[in-house]
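Q: the following comprises the amino acid sequence and a computationally predicted model.
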Amino acid sequence: MTTIQVSLGERSYPVVIESGLLSRAADHLAPLARGRRMAIVTDANVAPHLDTLARSLDTAGVAYEAIVLPPGEATKSWAQLEALTDRLLELGVERGDHVVALGGGVIGDLVGFATAILKRGCGFVQIPTTLLAQVDSSVGGKTGINARAGKNLIGAFHQPAMVLIDPDVLDTLPRRDLAAGYAEVVKYGLIDDPDFFAWCEANGAALLAGDASARVYAIAHSVAAKARIVGEDEFETTGRRALLNLGHTFGHALEAEAGFSTRLLHGEGVAAGCALAFAYSADLGLCPREDADRVAAHWRSVGLPDGLAAAGIDASGATLVEHMRHDKKMSAGTLPFLLARGIGRTYLDKTVDLARVEAFLDAQAR
Ligand SMILES: NC(=O)c1ccc[n+]([C@@H]2O[C@H](COP(=O)([O-])OP(=O)(O)OC[C@H]3O[C@@H](n4cnc5c(N)ncnc54)[C@H](O)[C@@H]3O)[C@@H](O)[C@H]2O)c1
Ligand SMILES: O=C(O)C(=O)C[C@@H](O)[C@H](O)[C@H](O)COP(=O)(O)O
Ligand SMILES: [Zn+2]
């Protein structure tokens with residue numbers, strides 16, 4: 001068992017990583033239940049893991065009610081938020097209760113936001129079941145839903161009380177979702193850890209093929225990196241946490257263009273977005289071209305998109321830049337951008353000219 005502490009003063013919490021943990025989850029959840037019924041929110045694809053969790057709670061005598069939502073990005077919506085908060089109110093959830101989010105980033109982001117606003121804030125626990133959620137979304141307290149104008153535009157910072165990670169649940173995750181989550185793993189290497197990027201180059205294929213020890217190493221390394229950055233800048237005010245947005249300004253624009261659908265998963269958008277951020281940095285003369293090529297080559301080697309064409313996006317630069325104008329980093333007409341001086345040398349650039357980004361994207365599309 002590995003436990004990583006997210007250190008945020010009174011909002012601190014543990015991230016527990018252990019093979020088979022789901023079948024022992026009640027050991028951690030029973031004290032939070034305080035003898036009351038727990039609401040578990042999940043999606044229909046996570047059913048086998050809900051059964052495992054339910055058995056653990058039954059054995060421990062913890063009562064629960066499962067709420068099963070439709071899978072997919074469209075669930076991060078006002079409609080599902082309304083339905084979920086109504087249901088939680090019907091169940092009598094109180095401020096001191098902890099709602100369990102059992103699922104991927106969609107369930108975690110939605111439940112996190114629902115509990116942030118329900119009765120002005122109640123507790124929640126993350127039990128992430130995708131690689132993406134285990135290495136990224138379950139940690140750090142960014143919660144929210146999508147708006148018509150773009151990705152994650154409605155939300156709140158709301159930290160979970162605990163994160164329980166069982167790497168074994170990834171055995172049932174489709175290869176495409178595993179690869180999409182892997183993009184956020186590689187992101188930590190690209191941000192500030194070139195040795196970890198090299199580890200990914202050497203071990204990424206094995207991880208995606210199901211190598212359990214590679215998986216556990218990547219999860220623990222990623223959670224530690226995220227906990228460190230979030231601990232330094234919980235509310236993304238100093239620029240430190242913004243580093244976690246590498247590839248996301250491009251990526252969210254691509255996701256918006258794909259209609260937040262299975263045409264392009266979040267992690268696929270991030271992979272293409274990182275490739276574009278490195279290619280743009282190389283075009284500006286900031287980053288060695290061979291580093292940008294190395295990033296693109298790694299994505300290709302694991303079947304992730306390395307740019308616009310591979311992501312299936314043929315929109316103009318102007319259209320994509322229009323999506324970017326909704327980015328939450330936008331400030332008084334400027335959009336701070338995550339650029340790179342090399343692999344592991346990402347920084348926040350506040351001088352990016354969006355007309356030049358548009359021309360760069362048009363050139364990429366040709
Ligand atoms: N809050 C954050 O810090 C943060 C970070 C990164 C991404 N995100 C958000 O997370 C979302 C993407 O998360 P995701 O990639 O986990 O997507 P997801 O939640 O849609 O899960 C992907 C698919 O896997 C299925 N699934 C989940 N667990 C499974 C399992 N163990 N076995 C079989 N199928 C399973 C789901 O039903 C879904 O079909 C996006 O909305 C993104 O914006 C948030
Ligand atoms: O935790 C963070 O901070 C991140 O930026 C992690 C990202 O991987 C994640 O996709 C996040 O939801 C994006 O944040 P946003 O503020 O751009 O919506
Ligand atoms: Zn992300």
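A: On my side now, so go ahead. Everything quoted here is computed from the prediction, not taken from an experiment. Ligands and ions are numbered 1, 2, ... in the order given.
Q: mind listing what's buried in the helix or strand hosting residue 195?
A: If you go by DSSP states H and E, residue 195 is part of helix 194-208. Residues of helix 194-208 classed as buried: 196-197, 199-201, 203-204, 207-208 (neighbour count, 16 or more other CB atoms under 10 Å). For the C-beta atoms, the positions are set from N, CA and C on the backbone; glycine is no exception.
Q: which strands or helices does that helix pack on?
A: helix 175-192, helix 212-232, helix 289-301 (3 or more CB pairs under 8 Å, 6 or more residues apart in numbering; DSSP states H and E).
Q: quick one, the shortest one and helix 175-192 angle?
A: Okay, so that is helix 289-301. 160 degrees (axes from the mean of the first three to the mean of the last three CA atoms, to 10 degrees).
Q: any residues touching helix 289-301, and which ones?
A: 183, 186, 190, 197, 200-201, 204-205, 271-272, 274-275, 278-279, 281-282, 305-307, 310, 340, 342-343 (CB atoms under 8 Å, 6 or more residues apart in numbering).
Q: buried ones among the residues you listed?
A: 183, 186, 190, 197, 200-201, 204, 271-272, 274-275, 278-279, 281-282, 305-307, 310, 340, 342-343.
Q: and this structure, which residues reach ligand 2?
A: 136, 140, 142, 151-152, 184, 241, 244-245, 248, 328 (CB under 6 Å from any ligand atom).
Q: near whatever residue of the stretch 251-366 of the chain ends up closest to ligand 2, how many other residues are there?
A: Residue nearest to ligand 2 within the stretch 251-366 of the chain: residue 328 (5.0 Å; CB to the nearest ligand atom). Residues lying near residue 328 (other CB atoms under 10 Å) number 17.
Q: picking that back up, just the ones of the residues of the chain next to ligand 2 in strands?
A: 142, 151-152 (DSSP state E).
Q: in a markdown table: the buried residues of helix 194-208, plus distance to residue 5 and pLDDT.
A: Formatted as a markdown table, these follow (distance: CB to CB, whole Å; pLDDT from 0 to 100):
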| residue | distance to residue 5 | pLDDT |
| --- | --- | --- |
| 196 | 20 | 98 |
| 197 | 25 | 98 |
| 199 | 23 | 98 |
| 200 | 25 | 98 |
| 201 | 30 | 98 |
| 203 | 26 | 98 |
| 204 | 27 | 98 |
| 207 | 25 | 98 |
| 208 | 29 | 98 |
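Q: out of the residues you listed, which touch ligand 1?
A: Of the buried residues of helix 194-208, not one also sits near ligand 1 (CB under 6 Å from any ligand atom).
Q: what's near enough to touch residue 240?
A: Contacts of residue 240 (CB under 8 Å, 6+ apart): 229, 232-233.
Q: quick one: the strands in this structure?
A: Secondary structure of the chain (DSSP E): strands located at 2-6, 13-17, 38-43, 64-69, 98-103, 123-128, 142-147, 150-157, 162-165, 337-340, 346-349.
Q: deepest in the core, which of those strands is it.
A: strand 98-103 (a mean of 28; mean count of other CB atoms under 10 Å).
Q: parallel or antiparallel, which strands does that strand pair with?
A: strand 38-43 (parallel), strand 123-128 (parallel) (DSSP bridges).
Q: convert the first one to CSV, retaining C-alpha atoms only.
A: Right, strand 38-43. This file holds the C-alpha atoms of strand 38-43, laid out as CSV (Å, rounded to 0.1, in the frame of the first residue of the first chain):
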residue,chain,number,x,y,z
MET,A,38,-23.9,6.5,1.9
ALA,A,39,-24.8,7.6,-1.6
ILE,A,40,-22.5,6.1,-4.3
VAL,A,41,-22.6,7.8,-7.7
THR,A,42,-21.3,5.8,-10.7
ASP,A,43,-22.0,5.2,-14.4
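Q: contacts for it?
A: Under CB under 8 Å, 6+ apart, the answer for strand 38-43 is 29, 32, 49-50, 53-54, 57, 62-72, 75, 84, 87-88, 91, 93, 97-104, 106-107, 110-111, 114.
Q: I'd like the mean pLDDT over stretch 279-293, please.
A: Taken as a whole, stretch 279-293 has a mean pLDDT of 98.
Q: now do that stretch: distance from first to last residue.
A: 8 Å (CA to CA, to the nearest Å).
Q: buried ones in it?
A: Result for stretch 279-293 [16+ other CB under 10 Å]: buried residues 279-283, 286-288, 291-292.
Q: how does the protein divide into domains?
A: Here the domain parsing of the chain from automatic domain parsing is 2-172, 175-365.
Q: thanks a lot, catch you later.
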